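In: 3D, please:
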Amino acid sequence: MLRLLARFVAVCCAIAFVFAAIGVVFFHAAGTRFLQASIYKRALAQQHIYERAPALAADLAVHASRYRTRLPEPAAGALEAAAQLTPADWERMFGVVAPASYLRAQGEGGLDQLARSFHAETGPISAKFSLTELKERLVGGPAEEAFAAILQTLPPATTVEIQEAGAVPAGRRPPDAMLSQVRGQFREAMRSLADRLPDTVDPFALGPVPGVGRALAALADAQDTLLAVEQWSRWSPALPAVLLLLIALFGVRSLRGGLLWWGIPCFLAGALAALLALPAVPAARWIFTVVLEPYFPPAAPSAVIEAAFGVITAVVQEIMTAALISAACLGGAGLLCMILAHFCRRKAPAIAAPAA
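Out: Reported below is the predicted structural model:
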């Protein structure tokens with residue numbers, strides 16, 4: 001009776017191990033990585049965000065120009081002064097003002113600061129970005145010369161077009177007599193913009209402003225919870241390990257039995273975890289395309305949204321890859337145990353003595 005009860009407990013522990021191990025595979029993979037700066041650095045580099053930043057910023061500028069009245073000064077003034085710029089011209093300007101090397105240095109430095117600040121025991125979360133080099137490029141010669149070079153590539157504006165529009169129409173080069181005036185307007189707008197920009201900016205110090213600011217404020221409020229999740233994820237493998245010990249305590253009576261009692265649950269847990277990890281990224285893509293994307297406002301820049309989702313997908317891909325590796329190791333260990341158990345001899349049954 002006691003032996004039957006012990007086997008029943010061992011079976012229950014084996015079933016619990018399968019479910020616990022599957023959960024731990026994903027919990028450990030995500031919990032030990034999602035607060036680390038390195039995973040986001042690799043995602044940004046993999047998606048070539050720094051190189052694509054001028055095109056993404058140009059897309060934002062074009063959409064912002066359509067809602068110019070909603071923009072605070074001096075951003076609206078800068079848009080007015082550069083009304084001649086097409087999306088391709090915006091991309092060229094942003095590439096001059098904020099090159100990929102500058103963006104990469106600030107982005108990776110900010111992620112490192114954020115990770116250190118998030119794990120610090122005292123003090124608020126912060127991530128400061130230096131705008132000194134950006135301001136120098138705004139008021140320096142490269143930005144104005146790039147703007148002037150762009151103007152030279154445009155077809156000239158006629159007097160009639162200028163009179164009808166009240167200014168130089170978009171996509172037209174101003175007459176030579178107005179060129180210095182237009183350059184002066186652009187220079188003043190850039191200087192005004194640079195003067196109003198701080199030398200450093202900390203997104204977490206902006207407060208719960210609409211948009212990204214609210215998300216950052218929510219992240220700061222969840223600091224303790226996220227750190228607790230990270231800490232628990234590091235110790236989570238202890239749960240399936242304890243269940244394996246209980247299986248051995250209640251169910252194992254021989255080497256072959258031990259290999260089978262451990263091998264079968266490990267193989268099942270690894271196989272099921274792998275089956276769940278493989279379609280995770282395609283499922284995320286389907287959810288974004290079919291479920292979430294229709295709810296975005298029509299004015300939202302599609303290229304920026306797609307780039308953001310690409311970074312999120314890269315992060316999910318790395319986490320799922322780590323989970324898949326853990327699942328493969330777990331399933332492989334279980335399969336190896338079952339193979340070894342096959343070569344272990346069964347205990348020979350006792351032979352009754354012949355009757356006299």
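In: how about low-confidence regions in this protein?
Out: Low-confidence segments of the chain (pLDDT under 70): 64-86, 121-123, 165-166, 169-171, 207-215, 291-300, 345-356.
In: Let me see the contact set for the residue nearest the centre of it.
Out: By CA atoms, centre = their mean, the chain has its centre lying nearest to residue 312, at 3.7 Å. Residues in contact with residue 312 (CB atoms under 8 Å, 6 or more residues apart in numbering) are 43, 284. Every residue, glycine included, has its C-beta placed from N, CA and C.
In: Could you rerun that using 10 Å?
Out: Applying CB atoms under 10 Å, 6 or more residues apart in numbering to residue 312 gives the contacts 43, 47, 284, 288.
In: and of those, the nearest to residue 234?
Out: residue 43 (22.0 Å; CB to CB).
In: Number of residues surrounding that closest one?
Out: Neighbour count of residue 43, defined by other CB atoms under 10 Å: 19.
In: Equivalent analysis for the one 10 residues further on, please.
Out: Residues contacting residue 53 under the criterion other CB under 10 Å number 22.
In: The residue lying closest to it once chain neighbours are set aside: which element?
Out: Counting by CB to CB, 6 or more residues apart in numbering, residue 53 lies nearest to residue 103, which is 5.3 Å off, once chain neighbours are set aside. Here residue 103, judged by DSSP states H and E, is contained in helix 100-119.
In: what about that helix, distance to the chain center?
Out: Put simply, helix 100-119 sits 14 Å off its chain's centre (CA atoms, centre = their mean, to the nearest Å).
In: So for it, what gets flagged as buried?
Out: Applying a neighbour-count criterion of 16 or more other CB atoms under 10 Å, one finds 100, 102-104, 106-108, 110-111, 113-115, 117-118 buried in helix 100-119.
In: From the contact counts, what lies against that helix?
Out: helix 37-46, helix 49-66, strand 129-130, helix 132-139, helix 212-221, helix 223-235 (3 or more CB pairs under 10 Å, 6 or more residues apart in numbering; DSSP states H and E).
In: closest to residue 88 out of those?
Out: Nearest to residue 88 among those is helix 49-66 (7.5 Å), distances taken as CB to CB.
In: what's that closest one packed up against?
Out: Judged by 3+ CB pairs under 10 Å, 6+ apart, the packing partners of helix 49-66 are helix 37-46, helix 75-81, helix 87-97, helix 100-119, helix 302-343.
In: now the angle from that helix to helix 37-46?
Out: 70 degrees (axes from the mean of the first three to the mean of the last three CA atoms, to 10 degrees).
In: Okay, angle between helix 49-66 and helix 100-119 too, please.
Out: 90 degrees.
In: Let me know the angle separating helix 49-66 from helix 302-343.
Out: Computed by the same axes, to 10 degrees, the angle between helix 49-66 and helix 302-343 is 140 degrees.
In: Specify the angle between helix 49-66 and helix 87-97 in degrees.
Out: Helix 49-66 runs at 130 degrees relative to helix 87-97, counting by the same axes, to 10 degrees.
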